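A.B. asks: Here is a sequence together with a model predicted from it:
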Amino acid sequence: MAERLANRLKDRRSELGLTQAELAERVGVTRKTVNTVENGVFTPSATLAIKLAAALELSIEQLFWIER
């Protein structure tokens with residue numbers, strides 16, 4: 001069974017009242033990048049994961065985990 005990096009980006013972004021575009025602007029990427037990370041299509045670099053977690057006021061472990 002393949003492992004994948006799961007996340008709670010969409011839930012947390014919604015809790016904070018942010019759009020994908022607003023989050024993207026905060027971390028310096030495109031809205032499309034945020035969308036593909038949210039949907040598990042793209043695995044973010046460590047740098048982007050840290051920036052996303054900081055922007056969403058969570059630890060990396062709270063935002064991302066490995067699903068089996």
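C.D. replies: Arrived safely. Because the structure is predicted, anything quoted here is derived from the model rather than measured.

A.B. asks: separation between residue 58 and residue 4?
C.D. replies: In this structure, residue 58 and residue 4 are 19 Å apart, going by C-beta to C-beta, to the nearest Å. In this view, the C-beta of every residue, glycine as well, is placed from N, C-alpha and C.

A.B. asks: Which one of these two is surrounded by more residues?
C.D. replies: With neighbours defined as other C-beta atoms under 10 Å, residue 58 and residue 4 compare such that residue 58 has more, 15 against 12.

A.B. asks: The more buried one reaches residue 12, doesn't it?
C.D. replies: Yes. Here residue 58 reaches residue 12: they are 6.2 Å apart, a contact under C-beta atoms under 8 Å.

A.B. asks: if I look at the two, which residues touch both of them?
C.D. replies: Common neighbours of residue 58 and residue 12 (criterion: C-beta atoms under 8 Å, 6 or more residues apart in numbering): none identified.

A.B. asks: Strands of this structure, residue ranges please.
C.D. replies: Listed in chain order, the strands found in the chain under DSSP state E are 4-7, 64-67.

A.B. asks: Right, I'll call it a day here.
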